[in-house]
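Engineer: Next come a sequence and a model predicted from it.
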Amino acid sequence: MLAHTIEEVREKRREWKGLKVGLVPTMGALHEGHLSLIKKAKETCDKVVVSVFVNPIQFGPSEDYDKYPRTLDKDYELCSKEGVDLVFAPSPSEMYGDGGKLSNDTLTYVCPPFFYVNKLCGKTRVGHFDGVCTVVLKLFNIVQPDYGFFGQKDAQQVVIIKKMVKDLNVPIEIVQCPIVREESGLALSSRNKYLSQEGKKDALVLSSILNNIKLCYQKGITDIEALKETAYSFLTDKHEMEYLEILDRNTLEEKSKADNDSIALIACRVEGVRLIDNTYLGER
Ligand code: PAF
């Protein structure tokens, strides 16, 4: 079933009283990465809701909100094939009222702590995680799921959402699912659609840098600067590196040395497309 209004979702939720409900929040343009979240939700829950909403308040003024791929018919077909019980695809005005006109002056926002947002993607995408937390909490309140499913590819997002759920006592368990990659190693992303064939090859540098850092760590190098320096030999003028960090995977804190709880995270532009990826160093 496809629902466009909050009331339709609430009605379904009342029907599902006593059942275990899972929510997979997405911005659509579904790929195998999203399908892996849906499969995990199907395994865990009695009923699965997928939200498809390109959330305007998590995009900066110079970001790709207008151009972000919108493929609802195809997304709905994929969800139906996976046995999703409800696809919730609201309009911006259904979510934010006011004819979809958005302003910090008129909307109640959820602002995650500065410590978590003042690094990695949050440094350049100012306000992004306020927008993410606000829409995710709204979706949680609308759907009232028992479980929320998120991909490890957006590692900072998952840490921040877990923190929000803990701090605001939201009675929902967050399930994190592994990154899904193409055979080449490229992490799946809706933004890969913007890349040419050549760009897709150049984008392999992200996973190559991360794999090499992990290999060096597993061979015994724990000095963080030394691990980060191994990236330079991979970069060419096709790559515009935004960040490469090695942090604690649960708290995003800096460490003096890498250890099995470390995560290496990278953001790099290829053909102007901002791509992110990460890997746990302690994982085989
Ligand atoms: O990861 C995403 O696609 C989005 O940030 C999310 C969680 C659906 C919120 O809009």
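Structural biologist: Looks like it arrived, so ask away.
Engineer: And the lowest-mean-pLDDT helix or strand in the chain, what's buried?
Structural biologist: Of all helical and strand segments in the chain, the minimum by mean pLDDT, DSSP states H and E falls on helix 92-96, at a mean of 95. Neighbour-count burial for helix 92-96 flags P92, E94, M95, Y96 (criterion: 16 or more other Cβ atoms under 10 Å). Yep, even glycine has a C-beta here, placed from its N, CA and C like the rest.
Engineer: for these, which one is nearest the ligand?
Structural biologist: Closest approach to the ligand among the buried residues of helix 92-96 (Cβ to the nearest ligand atom): M95, at 10.2 Å.
Engineer: Kindly report the residues of this protein close to the ligand.
Structural biologist: P25, T26, M27, N55, Q58, V132, V135, V136, D154, Q157 (Cβ under 6 Å from any ligand atom).
Engineer: N169: which of those is nearest?
Structural biologist: Nearest to N169, judged by Cβ to Cβ, of the residues of the chain next to the ligand is V136 at 15.1 Å.
Engineer: Which strands or helices does the host helix or strand of the closest one pack on?
Structural biologist: Assigned by DSSP states H and E, V136 belongs to helix 128-143. In this structure, helix 128-143 makes packing contacts with helix 6-15, strand 21-26, strand 47-52, strand 86-88, helix 114-117, helix 120-124, helix 155-167, judged by 3 or more Cβ pairs under 8 Å, 6 or more residues apart in numbering; DSSP states H and E.
Engineer: What is the distance between the second one and the centre of its chain?
Structural biologist: Distance of strand 21-26 from its chain centroid, counting by Cα atoms, centre = their mean, to the nearest Å, is 13 Å.
Engineer: ok so, going back, packing partners of the least confident helix or strand of the chain?
Structural biologist: Using 3+ Cβ pairs under 8 Å, 6+ apart, helix 92-96 is in contact with no helix or strand.
Engineer: Just the C-alphas of it, formatted as PDB.
Structural biologist: This file holds the C-alpha atoms of helix 92-96, laid out as PDB (Å, rounded to 0.1, in the frame of the first residue of the first chain):
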ATOM      1  CA  PRO A  92       7.000  18.500   1.900                       C
ATOM      2  CA  SER A  93       3.800  20.300   3.000                       C
ATOM      3  CA  GLU A  94       2.400  17.100   4.500                       C
ATOM      4  CA  MET A  95       5.500  16.800   6.600                       C
ATOM      5  CA  TYR A  96       6.100  20.500   7.400                       C
END
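Engineer: count of residues packed around whatever residue of the stretch 151-284 of the chain ends up closest to the ligand?
Structural biologist: Nearest to the ligand, among the residues of the stretch 151-284 of the chain, is D154, at 5.1 Å (Cβ to the nearest ligand atom). If you count neighbours by other Cβ atoms under 10 Å, D154 ends up with 18.
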